[in-house]
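Asker: how would this look folded up:
(chains A and B)
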Amino acid sequence: MSTAVPTNLSLSWQLVRRNILYQRKAWVAPVTSLAEPLFYLAAAVWGFSFILGQSPLREYADFAGPALLAATVMNGAIVECTNNVFYRWRLAKLYDSVICTAMSAEMIVLGDLIYGTIRGATYGAAFLLVLAPVAGIAAGPAIILLITMLPVAWMFSAIGLSIVAHVTHWRQLQLIQLAIFAMFLLADTFVSLSNFGPWANAAAHLLPLTYANTLSRTVAMQQWPDALLQLSLIIVISAAASALAIRSIARKMTE
Amino acid sequence: MLLARVIEAYWRSMRRSWIAEAVPSVAQPVILMAVFAGLLARQVSEHVSDWGAPATFGYAQYAAIGIACSSGVLAGAMEATHSAYSGFRFNEKFKTIVTTPVSARVLALGLLSVAFIESAALTAALLLLATPVLAGSGLVWLLPFMLVSGLACTAVSAALCAIIALHHKTPQILNITGRVALFPLMLFSATYFPSTVLPGWLRYLPDAFPLIHANVTLRALYAGHWRVLPVNLAVLVAWSVVGGSAMIWAFGRELHR
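Answerer: Numbers count the residues shown, from 1 in each chain, chains lettered A, B, ... in the order given. Here you go, the predicted model:
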């Protein structure tokens, strides 16, 4: 079976349009999803700064804020590409109908990959509107930060699709949510990796969110060489995960 | 007798998906404890206390007690929320059940009991898992008080959800309840840091809910400050009575109209 990425993007874009139109009717869930990182940001600024005895309060927000941005992008992209794709594919059987049209399985996956990336980046943009004044990020780096969140959203969309290819029951989605939650807390988000032991530190570097957090922080602090290194790593992971997702889902859809 | 049958029926239905329910319920607070009571506590040099009370233990104990208590009571709250909404709206099984000798009151009490049992079991498991951090005689007094706390929080949240379910027809309300109400309540009810550090009116908001009383009192009991017990215990018992009564009223109103 061919796993090459299709060149006709217009058909995949039809799926993206369909998802956007559907989402306009069901806007409550995405909006309330955004509340969660904002509450965490408030906790970082008011609560954890106090616990850590940091003054001024902005110091800890500078550490946790950019990481929360990456985590927000991750949540938007991965929830779309696991829960929602599972619903459309396995429960609503939408793709059984779509695949009977001119659209191939690869184009469906590509459409979901694009939509997941858009959704993750949109979450990131909304969160950045609050984060930039709180963490004192200037307009220039904020725009660059937003652009760099696109590959992050792409990476998590691709990872989500690679995983959802093997999900057969909705209960397994709860275990995926648990894994995302663990990654969120253990990937240098609230606690610096310097507090981890050598083994835990090595394990944290296996988590894709660790690279996204580092990218977000280095861009916010305008450390461009480090940011470029992280960005390259994320693009490599994204490309590999995309190829895997297209191959796995296309095989499952057509078998 | 009927109440026991209702509890048994709930239990049978929960058993079908116990792995999906139990694994995240236990694993999430364990991860939270590992990160906040384990890793973040290494960065905290000073003791932390609530409401200006003398600080006698470190942040590891502060966070471990807060996370164990909040996770236990919120597990009960979520169970009650989802079961109530499911029974009223998804499959409308409550309407069928009340055509049998089981009344709306027994149904409400049954749901409350199941949620409370789940909350108590999780709380006990988390306390057991937290013993490396929470060593000492104060630990003995935490469990009974946690049970009262769990009952109060479960009763209040189940009552609120049942009342909300009377007016909302779509499951999106569960998302809103979880993300916009229960999650910030856990975050700002002295679970990870004292509510006194919050700015302005926000610091008084958690006082209106039972969770903060549970967290603060548990830490005081652990440290041996018994003076805080009568007032907070009275507050939680009052919440249990008000929440339980409101739930029975809401169930009755929805199922007998």
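Asker: helices and strands around the strand or helix carrying A:D96, which ones?
Answerer: Here A:D96, judged by DSSP states H and E, is contained in helix A:94-98. Applying 3 or more C-beta pairs under 8 Å, 6 or more residues apart in numbering or on different chains; DSSP states H and E, one finds that helix A:94-98 makes contact with helix A:105-135. Placement of C-beta: from N, CA and C, glycine included.
Asker: look up which helix or strand the spatially most central residue of chain A falls in, please.
Answerer: Nearest to the geometric centre of chain A sits A:M74, at 2.2 Å (C-alpha atoms, centre = their mean). For A:M74, the host element (DSSP H and E) is helix A:58-79.
Asker: return the set of buried residues in that helix.
Answerer: For helix A:58-79, the neighbour count (16 or more other C-beta atoms under 10 Å in any protein chain shown) marks A:60-79 as buried.
Asker: burial count for the nearest residue to A:D62 once chain neighbours are set aside?
Answerer: Of all residues not flanking A:D62 in the chain, A:A135 sits nearest, at 5.3 Å (C-beta to C-beta, 6 or more residues apart in numbering or on different chains). By other C-beta atoms under 10 Å in any protein chain shown, the residues close to A:A135 number 23.
Asker: isn't A:A135 right next to A:A61, touching?
Answerer: Yes. Taking C-beta atoms under 8 Å as the definition, A:A135 is a contact partner of A:A61 at 5.1 Å.
Asker: would you mark the buried spots in stretch B:211-225?
Answerer: When burial is assessed from 16+ other C-beta under 10 Å, stretch B:211-225 yields the following buried residues: B:211-223, B:225.
Asker: likewise stretch A:228-245?
Answerer: Residues A:Q230, A:L231, A:L233, A:I234, A:I237, A:S238, A:A241, A:S242, A:L244, A:A245 are the ones in stretch A:228-245 that count as buried (16+ other C-beta under 10 Å).
Asker: quick one: the last one from A:L233, how far?
Answerer: Right, A:A245. Relative to A:L233, A:A245 is positioned 18 Å away (criterion: C-beta to C-beta, to the nearest Å).
Asker: likewise for B:L233?
Answerer: Applying C-beta to C-beta to B:L233 and A:L233 gives a distance of 54 Å.
Asker: show me which residues of the stretch 51-200 of chain B sit near chain A.
Answerer: B:59, B:172, B:175-176, B:179-180, B:183-184, B:187-188, B:192-194, B:197-199 (C-beta under 8 Å from any C-beta of the partner chain).
Asker: enumerate every residue touching residue 108.
Answerer: Just so you know, I chose chain A. Counting by C-beta atoms under 8 Å, 6 or more residues apart in numbering or on different chains, A:I108 touches A:S12, A:L15, A:Y95, A:V98, A:I99, A:I249, A:M253.
Asker: meant chain B actually
Answerer: Neighbouring residues of B:A108 by C-beta under 8 Å, 6+ apart: B:A162, B:G244, B:M247, B:I248, B:A250, B:F251, B:G252.
Asker: now A:L38
Answerer: By C-beta under 8 Å, 6+ apart, the contact list for A:L38 reads A:F127, A:V130.
Asker: what's the helix or strand for it?
Answerer: Using DSSP H and E, A:L38 falls within helix A:28-42.
Asker: so which other helices or strands are in contact with the helix or strand following that helix?
Answerer: Once the chain leaves helix A:28-42, the next helix or strand it forms, by DSSP H and E, is helix A:49-51. For helix A:49-51, the packing partners by 3+ C-beta pairs under 8 Å, 6+ apart come out as helix A:58-79.
Asker: one more time with 10 Å, if that's ok
Answerer: Secondary-structure packing of helix A:49-51 (3 or more C-beta pairs under 10 Å, 6 or more residues apart in numbering or on different chains; DSSP states H and E): helix A:58-79, helix B:59-85.
Asker: for chain B, what spans make up the strands?
Answerer: Read by DSSP state E, chain B holds no strands at all.
Asker: out of the residues of the stretch 51-200 of chain B next to chain A, list just those in helices.
Answerer: If you go by DSSP state H, these have B:Y59, B:Q172, B:N175, B:I176, B:F183, B:P184, B:L187, B:F188 in helices.
Asker: one step back: overlap of the contact sets of A:A135 and A:A61?
Answerer: Shared contacts of A:A135 and A:A61, defined by C-beta atoms under 10 Å, 6 or more residues apart in numbering or on different chains, are found at A:L41, A:A44, A:V45, A:L68.
Asker: which one is whatever residue of the stretch 101-250 of chain B ends up closest to chain A nearest to, not counting chain neighbours?
Answerer: For the stretch 101-250 of chain B, the residue closest to chain A is B:F193, as judged by C-beta to the nearest C-beta, at 3.6 Å. In space, and not counting its chain neighbours, B:F193 is closest to A:G47: 3.6 Å by C-beta to C-beta, 6+ apart.
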